[in-house]
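Participant: When you get a sec, could you give me coordinates for this:
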Amino acid sequence: MCINIVIADELRLVRKGVISLINNMHYGEQLGEDPTGGYNIIADTSTPNELVNILSSNSVDLLILGYSLSTKENSNPISSLDGYALIKWLTKKYPDLKIIVISPYKHPSLMRTILEMGATGYISMDICEKTLERVIVSVLNNEVYVEKGMMKSLFQGGDRSGKDVSLKEMEVLRLLCKGLNLTSIANRMNLSIKTVSAHKLRAMSKLDVDSDCQLYCLLTETKLFNVSF
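Facilitator: The predicted structure follows:
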């Protein structure tokens with residue numbers, strides 16, 4: 001049995017690194033399958049639109065999905081989706097697809113939401129080959145896998161880098177860090193500009209910052225998000 005895999009992440013280096021790790025893995029015994037089978041990487045992509053095209057035209061068993069993709073604001077709504085909005089769409093559209101999410105974010109609400117949506121793996125960007133192999137085997141055996149370090153965050157809560165910030169507030173901060181303005185964020189999240197602004201202000205209050213400059217400095221310092229300005 002051959003396992004068809006697709007890898008999606010906004011960074012080419014991440015995608016090629018994952019491909020290299022998978023190509024060095026030994027398929028078969030741990031899955032209880034024919035050892036003559038293997039992992040077949042169908043494609044890798046950086047955009048949600050191309051990802052959907054790949055999934056619609058191929059039989060895919062496993063998607064290794066970066067939390068951030070290269071998005072565009074245009075007439076095609078799929079092109080602007082990444083993060084939990086894309087995961088939500090994918091789990092509804094492809095309920096049998098196994099999804100492992102690669103994310104630097106350890107926000108407990110985010111991890112719970114993604115797992116509740118139907119993703120079956122959640123790991124960081126700093127995994128080794130053995131951890132990646134472990135999560136792939138677990139997910140293909142219909143088990144849920146959360147990386148050990150992230151599992152601690154799931155039960156212990158956060159700190160100043162994300163304490164008490166809600167999921168929607170965190171998503172507003174993430175999209176601000178991607179360079180989107182409040183209008184674009186409102187369109188993407190299907191919220192009013194006033195609501196998006198309120199989410200931003202509440203997040204700033206929880207993070208104890210008074211200005212955009214302080215906010216971006218804190219986000220850069222804590223590495224909660226990648227600031228792309």
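
Participant: just checking, what packs against the helix or strand residue 44 falls within?
Facilitator: According to DSSP states H and E, residue 44 maps onto strand 38-45. The criterion is 3 or more CB pairs under 8 Å, 6 or more residues apart in numbering; DSSP states H and E, and the helices and strands that strand 38-45 contacts are strand 2-8, helix 12-23, helix 48-57. The way it works is simple: take the backbone N, C-alpha and C, and place the C-beta from them, glycine included.

Participant: Next, format these as JSON lines and append distance to residue 130, mean neighbour count and mean pLDDT.
Facilitator: As requested, the helices and strands packed on strand 38-45 are exported to JSON lines (distance: least, CB to CB, whole Å; neighbours: other CB atoms under 10 Å; pLDDT from 0 to 100):
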{"stretch": "strand 2-8", "distance to residue 130": "18", "mean neighbour count": "20", "mean pLDDT": "95"}
{"stretch": "helix 12-23", "distance to residue 130": "10", "mean neighbour count": "15", "mean pLDDT": "93"}
{"stretch": "helix 48-57", "distance to residue 130": "27", "mean neighbour count": "18", "mean pLDDT": "96"}
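
Participant: A helix includes residue 99, no?
Facilitator: No: counting by DSSP: H, G, I helix; E, B strand; the rest coil, one finds residue 99 to be strand, located in no helix.

Participant: burial count for it?
Facilitator: When counting by other CB atoms under 10 Å, one arrives at 21 neighbours for residue 99.

Participant: Mind exporting the C-alpha coordinates of the strand holding residue 44 to CSV?
Facilitator: In CSV, the C-alpha atoms belonging to strand 38-45 read as follows (Å, rounded to 0.1, in the frame of the first residue of the first chain):
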residue,chain,number,x,y,z
GLY,A,38,6.0,3.5,0.6
TYR,A,39,5.4,7.2,1.1
ASN,A,40,4.6,8.9,-2.3
ILE,A,41,4.9,12.7,-2.2
ILE,A,42,2.5,13.8,-4.9
ALA,A,43,3.3,17.5,-4.7
ASP,A,44,4.2,20.5,-2.5
THR,A,45,2.8,23.9,-2.7
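
Participant: which element follows the lowest-mean-pLDDT helix or strand in the chain toward the C-terminus?
Facilitator: Among the helical and strand segments of the chain, the one scoring lowest on mean pLDDT, DSSP states H and E is helix 148-156, with a mean of 68. Downstream of helix 148-156, the first helix or strand assigned by DSSP H and E is helix 167-177.

Participant: Any idea which of the helices and strands packed on strand 38-45 gets closest to residue 171?
Facilitator: helix 48-57 (15.4 Å; CB to CB).

Participant: quick one: contacts of that closest one?
Facilitator: Contacting residues not belonging to helix 48-57 are listed as 6, 8, 42-43, 45, 60, 63, 69, 71-72, 76, 78-82, 86, 90, 93-94, 97 [CB atoms under 8 Å, 6 or more residues apart in numbering].

Participant: Would you mind listing which of these are buried?
Facilitator: The neighbour count (16 or more other CB atoms under 10 Å) marks 6, 8, 42-43, 45, 60, 63, 69, 71, 78-82, 86, 90, 94, 97 as buried among the contacts of helix 48-57.

Participant: Residue 63 belongs to a strand, doesn't it?
Facilitator: Yes: when classified by three-state DSSP, residue 63 is found to be part of a strand.
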